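Enquirer: What follows is a predicted structure for the sequence shown.
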Amino acid sequence: MAMNIQSIASLPDRINQIRLLTAEIVNKEILPNENTLWRFYRDGTVSESEIAEARELRGHIKDRVKEAGLWAPHLPEEYGGCGLTFLEHAYMNEVLAYATGAAALFGVVAPNSGNQKILLKYGTEEQRKKWLVPLTEGKMESGFSMTEPDNAGSDPRSIKTTARREGDEWVINGHKWFTSNGSRSDFLIVMCRTDDPEGPAERNGKMTQIIVPTDTPGVNIVRDIEVWGRIGGHAEVIYEDVRVPLENQLGQTGSGHAAAQDRLGAGRVYHCMNSVGQMWRAFDLMVERAQNREVHGGLLAEKQFVQGFIADSYIDIQSSRLMTLHCAEQMESGADARTAISAIKISVPEAYTRVVDRAIQVWGAAGVTGDLPLSAMYQGARILRIADGPDEVHKILIAKNVLKQYRSGDGWDFGN
Ligand SMILES: Cc1cc2nc3c(=O)[nH]c(=O)nc-3n(C[C@H](O)[C@H](O)[C@H](O)COP(=O)(O)OP(=O)(O)OC[C@H]3O[C@@H](n4cnc5c(N)ncnc54)[C@H](O)[C@@H]3O)c2cc1C
């Protein structure tokens with residue numbers, strides 16, 4: 001089924017145009033070819049000629065995206081992107097996410113996309129030329145190396161990887177894991193402590209992100225970690241006396257934590273709009289199946305259990321979408337959106353899990369097969385509750401912000 005995208009009366013023409021153009025490519029070029037485009041990732045029996053056919057098809061779709069002026073929506077034109085504003089990109093994402101892997105065909109591939117944003121904001125002109133441009137042109141791959149096996153990823157202040165200054169070099173030592181895309185990367189952005197690792201707790205200011213080419217001596221990719229039974233490029237990496245020039249540092253010494261927050265803040269809105277697009281797809285699949293499948297002498301759509309699934313999913317999608325758009329508008333206006341960001345970071349992946357779970361139930365056994373995108377969505381939704389800060393950490397932040405407001409004598413203003 002094609003995604004039903006119509007103009008939204010309250011939105012500027014440009015956003016409507018972007019959504020309609022995106023939907024045209026998603027509906028006409030990507031959805032009908034979804035299984036061919038990505039099948040080789042999970043099916044070892046695919047022949048060389050089928051792999052070549054899929055590559056050619058992906059190239060053709062990327063050309064269409066570029067012709068439509070929609071390539072790399074997260075980057076400005078001078079760095080090869082199409083220069084969308086934050087809101088334009090957020091509204092585009094719900095359409096993009098409807099089809100499996102569509103974002104990659106529009107030049108947005110995590111973690112490269114997050115690294116591109118960091119290079120754009122914190123990189124020198126030299127660094128942008130050397131690392132950002134080839135990333136955007138698809139000539140390089142990258143990873144973001146922050147989480148460590150021996151320390152809590154939910155508390156970035158606990159990071160132990162160090163970068164020690166020696167002459168005109170940084171010398172890096174540490175142990176990371178879940179560096180996504182790490183084993184395919186040409187370079188990694190590594191979060192390092194640039195102060196005493198045994199120092200006091202409040203040391204966010206003393207972290208620095210440093211660009212490390214993966215062929216630097218001492219970068220040991222120990223293994224790809226299996227996630228949900230698949231090897232997907234999430235690398236465990238040991239950095240042993242890794243020497244890189246001082247100019248590989250991103251931004252000021254000590255700006256690493258702020259840069260990580262920048263990366264995650266806007267990223268969470270994009271992730272939530274992606275989740276909305278995927279819920280939308282799961283919903284369409286569920287309703288379509290309910291209208292066609294006969295069980296116990298009637299269509300699924302006639303059973304009240306299933307009608308309940310449809311109604312609950314409608315509510316989940318609408319509330320997730322409106323909360324995310326409200327948060328995006330707060331961010332666009334420059335208001336402090338930290339509470340709203342934490343709220344969507346928790347509630348949208350939970351709603352996404354519920355919607356996909358119901359769609360799987362309606363499809364029965366077919367729901368958990370590779371013939372449909374539902375099982376991959378289900379796994380993805382579960383990961384979202386851990387990655388980018390686990391839910392519990394965000395609940396603590398919401399309560400902290402609310403209590404602070406009340407302590408200052410004001411109630412919470414839900415109208416803004
Ligand atoms: C598929 C995948 C891809 C990833 N990609 C990357 C990547 O590219 N780069 C990277 O650096 N990292 C990556 N990560 C790591 C991710 O960011 C971390 O897993 C996440 O930050 C949580 O850290 P942790 O796993 O160390 O959990 P921990 O910090 O050990 O937390 C474990 C659990 O404790 C609970 N918890 C934590 N704090 C509190 C609290 N205060 N109160 C109550 N309960 C609490 C939460 O339920 C949490 O899930 C990825 C993870 C996954 C699963």
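Expert: Yep, it's here.
Enquirer: tell me the SS of the closest residue to the ligand within the chain?
Expert: Residue nearest to the ligand within the chain: residue 153 (2.3 Å; Cβ to the nearest ligand atom). For the C-beta atoms, the positions are set from N, CA and C on the backbone; glycine is no exception. The three-state label for residue 153, taken from DSSP: H, G, I helix; E, B strand; the rest coil, comes out as coil.
Enquirer: Need the nearest residue in space to it, chain neighbours excluded.
Expert: residue 147 (4.0 Å; Cβ to Cβ, 6 or more residues apart in numbering).
Enquirer: near the ligand, which residues of the chain show up?
Expert: 111, 144-147, 152-154, 178-180, 227, 234, 383, 386-387, 389-390, 392-393, 396 (Cβ under 6 Å from any ligand atom).
Enquirer: Now restrict the residues you listed to buried residues only.
Expert: 111, 144-147, 153, 178-180, 234, 387, 389, 393 (16 or more other Cβ atoms under 10 Å).
Enquirer: Sort out which of the residues you listed are in helices and list them.
Expert: residue 393 (DSSP state H).
Enquirer: Can you lay out the buried ones among the residues of the chain next to the ligand as TSV showing pLDDT?
Expert: Converted to TSV, those look like this (pLDDT from 0 to 100):
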residue	pLDDT
111	93
144	97
145	97
146	96
147	97
153	93
178	97
179	98
180	96
234	96
387	90
389	87
393	95
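Enquirer: taking the buried ones among the residues of the chain next to the ligand one by one, which sit in strands?
Expert: Those of those mapping onto strands are 144-145, 178-180, 234, per DSSP state E.
Enquirer: Show me the shaky parts of the stretch 101-250 of the chain.
Expert: Across the stretch 101-250 of the chain, the ranges flagged by pLDDT under 70 are 196-205.
Enquirer: got the residue ranges for the helices in it?
Expert: For the stretch 101-250 of the chain, the helices defined by DSSP state H, counting those that start in this stretch cover 102-105, 112-122, 125-127, 133-136.
Enquirer: what sits up against the first one?
Expert: In this case it means helix 102-105. 25-26, 30, 37, 58, 61-62, 65, 93, 96-97, 109, 274 (Cβ atoms under 8 Å, 6 or more residues apart in numbering).
Enquirer: follow-up on the earlier one: what does the residue of the chain closest to the ligand show for phi and psi?
Expert: phi -60, psi -20 (degrees, to the nearest 10).
Enquirer: got a list of what it touches?
Expert: 146-147, 178.
Enquirer: can you pull the buried residues of stretch 230-243?
Expert: Neighbour-count burial for stretch 230-243 [16+ other Cβ under 10 Å]: 233-239, 242.
Enquirer: just stretch 162-176 next, same as before
Expert: Applying 16+ other Cβ under 10 Å to stretch 162-176 flags 162-163, 169-176 as buried.
Enquirer: what's the answer for stretch 76-89, then?
Expert: So, applying 16+ other Cβ under 10 Å, buried residues of stretch 76-89: 79-82, 84, 87-89.
Enquirer: Would you mind pulling the contact partners of that stretch?
Expert: Here stretch 76-89 has contacts from 14-15, 18, 69-75, 92, 107, 116, 120, 128, 132-133, 136-137, 266, 269-270, 328-329, 331-332, using Cβ under 8 Å, 6+ apart.
Enquirer: Narrow those to those that are buried.
Expert: Buried among those by 16+ other Cβ under 10 Å: 15, 18, 70-75, 92, 107, 116, 120, 128, 132-133, 136, 266, 269-270, 328, 331.
Enquirer: So which of these are in strands?
Expert: Per DSSP E, the buried ones among the contacts of stretch 76-89 never map to strands.
Enquirer: What is the longest helix of the protein by residue count?
Expert: helix 256-292.
Enquirer: Between helix 112-122 and it, find me the angle.
Expert: Counting by axes from the mean of the first three to the mean of the last three Cα atoms, to 10 degrees, helix 256-292 points 150 degrees away from the direction of helix 112-122.
Enquirer: who does helix 256-292 touch, helix- and strand-wise?
Expert: Judged by 3 or more Cβ pairs under 8 Å, 6 or more residues apart in numbering; DSSP states H and E, the packing partners of helix 256-292 are helix 86-96, helix 112-122, strand 187-193, strand 207-213, strand 298-299, helix 304-332, helix 338-363, helix 374-384.
Enquirer: Show me what the third one packs onto, helices and strands only.
Expert: Counting contacts by 3+ Cβ pairs under 8 Å, 6+ apart, the secondary-structure elements packed against strand 187-193 are strand 142-145, strand 162-166, strand 169-180, strand 207-213, helix 256-292.
Enquirer: now the longest one
Expert: Helices and strands in packing contact with helix 304-332 are listed as helix 86-96, helix 256-292, helix 338-363; criterion 3+ Cβ pairs under 8 Å, 6+ apart.
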